[in-house]
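Asks: Below are the sequence and a predicted model; questions follow.
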2 protein chains.
Amino acid sequence: MNAVGVDVGGTKIAAGVVSPAGEILAEARHPTPHSPEKLVEVIVRAIGEVRDGNEVDGVCLAVPGFVLAPEDRVVFSPNLRAIEGIPLKEKIGPEIGLPLIIENDANAAAWGEFRFGAGSEVDHLIFLTLGTGIGGGVISHGVLLRGAQGSGGELGHVTVHATGPRCACGNRGCLEALASGTAIGRRAREAAVENPGSALGRLAARRKVLGEDVTELARDGDGVALSVLEETGRWLGIGLAGFVNIFNPEVAAVGGGAMEAGDLILAPARRELRLRARPPSRDLVEVQAATLGPASGVLGAAALARNADGQYALGD
Amino acid sequence: MNAVGVDVGGTKIAAGVVSPAGEILAEARHPTPHSPEKLVEVIVRAIGEVRDGNEVDGVCLAVPGFVLAPEDRVVFSPNLRAIEGIPLKEKIGPEIGLPLIIENDANAAAWGEFRFGAGSEVDHLIFLTLGTGIGGGVISHGVLLRGAQGSGGELGHVTVHATGPRCACGNRGCLEALASGTAIGRRAREAAVENPGSALGRLAARRKVLGEDVTELARDGDGVALSVLEETGRWLGIGLAGFVNIFNPEVAAVGGGAMEAGDLILAPARRELRLRARPPSRDLVEVQAATLGPASGVLGAAALARNADGQYALGD
């Protein structure tokens, strides 16, 4: 049966009706409001819009931040503070009259890649999304690792450099603080100061350099921008090496806005992974770009919604 | 039905017949030979000894190092090089005439703690064993995470300090290089040089200080020995914080020889975990000593042997 996936992001809310085969049959998008009341209102509206004329039997909200599943709420969401603490099931469930489940956005996207994308042929997938932060999701033996409270899979918040830079989560040296889009921007601004004559340095003299600028300049051949992406890729590889030793997955898929840089990040990540992970795991894993793009959240959430009993395992 | 668990260690081989309830009905122990032929011979002999007079229907070998399950062999085992490359099932299976499976030793011990020890009441357990190296095992949603090739669960080989000391695996800054018994010994020898007047310093002037000496001196009140254990505990906590964010487990159980130090290591680990992990995961997890001691490997292996089809999930 069809189901609705809703991807609640820091800037936009995307809802879709998805068939069991992963076709998106209807879609709606709205800018994300940053007050709790409006947020609930827009989520309910988006669900209503896509349901119109489509038979569906469940809804899953993919939400940013640390989920506390037994209470159906998000306890910490640095990029969408308005969602913190809202009893989502209680507020939204009665408005839609359908089974509703709540899942972390990166877990949902990982499930999307597992069912329909980079992991559709395997039983073991790790998924990272490099954006403002780093989201993660793991499928091991065909099971989405949600943990005891639905807060599992936070691959971005693993210390890879104990004395490293401060992370948005409060810790130091998290993978997120070293390999996210935000980290690329920070590293680029530092590199611009050190290399004022580079293309990156000249851009920085005019305006604040963002992560996406770096990819563009690197593709145009700016060596400083390239080295910023290479350093980011090395940190990504350090994180991946640990995950590969932990999970021994067939595929490590990397998505998110920063993956516009593609192999400019993935190639150094693969090299670092080879140095730091052990056989047989390091020789098996294929580090690749995620294949579904921004749709992975909606697709994965909808696939999860079909398992409204919370048993997220192969063969739903 | 009863099954045989065999724990193949770097110094001794322990075999036991274990009942489904976790009682050890017969035991045998032998020093570990360090040639491939003798190793196979002693394993076969130990299995024969414990089977004598006991009905059993399967055997699991818990082996040190990185397992390549599809080929039933160990590809890398720094503390037992003799086991590397032996086609274990082919060599041992025909000699014993029973279903035989191969599992990493720490994975087996984790399963032991999950079925009969620190994790017997929960669905999500992470297990670390601090010895010469650091072994790890994870049970998530009741499933032992073996990975695609049986090489998963290597929690000791995760980079927590990218520029840290060299690890036996070739990487830098692995948790094992910072929080194993070997790391305690190395740290203690450095601290002894810096503090020649301390009890630790005086011992080091007489002979090589080992990890176990440090616990003894710390219990006697030597501040330098205490600070060595505290630093070790902080590194352990840094590693645990990442694992807790990844797995959101109810219990993190720590075993192995270095746990003779108990709370001298676990208390600073818990403090560091609180600083570095996020709610709700950090507030749920109980960091505790493993409860089965050295028997966890035999107990877990035997419990796994009852699932000789390789499906290691709850309810075997």
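Replies: Yes, it's here.
Asks: Could you tell me how many residues sit around A:R278?
Replies: Around A:R278 sit 23 other residues, with neighbours defined as other C-beta atoms under 10 Å in any protein chain shown. C-beta here means a position set from N, CA and C on the backbone, and glycine is covered the same way.
Asks: no, scratch that, I was asking about A:A110
Replies: Neighbours of A:A110 under the rule other C-beta under 10 Å: 35.
Asks: Would you mind giving the orientation angle of the longest helix along chain A with respect to helix B:223-247?
Replies: Secondary structure of chain A read by DSSP state H shows that its longest helix is helix A:223-247. Calculated by axes from the mean of the first three to the mean of the last three C-alpha atoms, to 10 degrees, helix A:223-247 forms an angle of 90 degrees with helix B:223-247.
Asks: Could you pick out the residues of the stretch 1-150 of chain A near chain B for me?
Replies: By C-beta under 8 Å from any C-beta of the partner chain, the residues of the stretch 1-150 of chain A that approach chain B are A:66, A:68, A:75-76, A:122-124, A:136, A:138, A:140-141, A:143, A:145-150.
Asks: got a list of what the closest residue to chain B within the stretch 1-150 of chain A touches?
Replies: Among all residues of the stretch 1-150 of chain A, A:G147 sits closest to chain B, at 2.4 Å; criterion: C-beta to the nearest C-beta. A:G147 makes contact with A:G153, B:H124, B:S140, B:F247, B:N248, B:P249, B:S281 under the criterion C-beta atoms under 8 Å, 6 or more residues apart in numbering or on different chains.
Asks: Which pLDDT value belongs to the nearest residue to it once chain neighbours are set aside?
Replies: In space, and not counting its chain neighbours, A:G147 is closest to B:N248: 2.4 Å by C-beta to C-beta, 6 or more residues apart in numbering or on different chains. pLDDT, the model's per-residue confidence, is 98 for B:N248.
Asks: count of residues packed around B:N248?
Replies: 31.
Asks: cool, A:H34 as well?
Replies: Using other C-beta under 10 Å, A:H34 has 12 neighbouring residues.
Asks: same deal with A:E90?
Replies: A:E90 has 12 neighbours, counted by other C-beta under 10 Å.
Asks: again, but for A:E194
Replies: Close neighbours of A:E194, defined as other C-beta under 10 Å, add up to 10.
Asks: how much space between it and chain B?
Replies: A:E194 sits 20 Å away from chain B, taking C-beta to the nearest C-beta, to the nearest Å as the criterion.
Asks: quick revisit: which of the contacts of A:G147 sits closest to B:R202?
Replies: The nearest member of these to B:R202, counting by C-beta to C-beta, is B:P249 at 41.6 Å.
Asks: For that closest one, which non-adjacent residue is closest in space?
Replies: Per C-beta to C-beta, 6+ apart, closest to B:P249 is B:H124, 3.9 Å.
Asks: Run a quick neighbour tally on the one you found.
Replies: Using other C-beta under 10 Å, B:H124 has 26 neighbouring residues.
Asks: And A:R306, by the same measure?
Replies: A:R306 has 20 neighbours, counted by other C-beta under 10 Å.
Asks: from memory A:V44 sits against A:E95, does it?
Replies: Yes - the criterion here is C-beta atoms under 8 Å, and A:V44 meets it with A:E95 at 4.6 Å.
Asks: Tell me which helix or strand A:R45 sits in.
Replies: Element membership for A:R45 (DSSP states H and E) is helix A:36-51.
Asks: so A:V143 bridges to which residues?
Replies: In this entry, A:V143 is beta-bridged to A:S140, A:A313, by DSSP bridges.
Asks: Now do A:Q149 against A:I246, distance only.
Replies: A:Q149 is 20 Å from A:I246, where distance means C-beta to C-beta, to the nearest Å.
Asks: So which of the two has more stuff around it?
Replies: Between A:Q149 and A:I246, A:I246 has the larger neighbour count (other C-beta under 10 Å), namely 30 against 22.
Asks: Helices along the stretch 101-250 of chain A, start to end?
Replies: A:105-116, A:175-179, A:181-194, A:199-206, A:211-219, A:223-247 (DSSP state H, counting those that start in this stretch).
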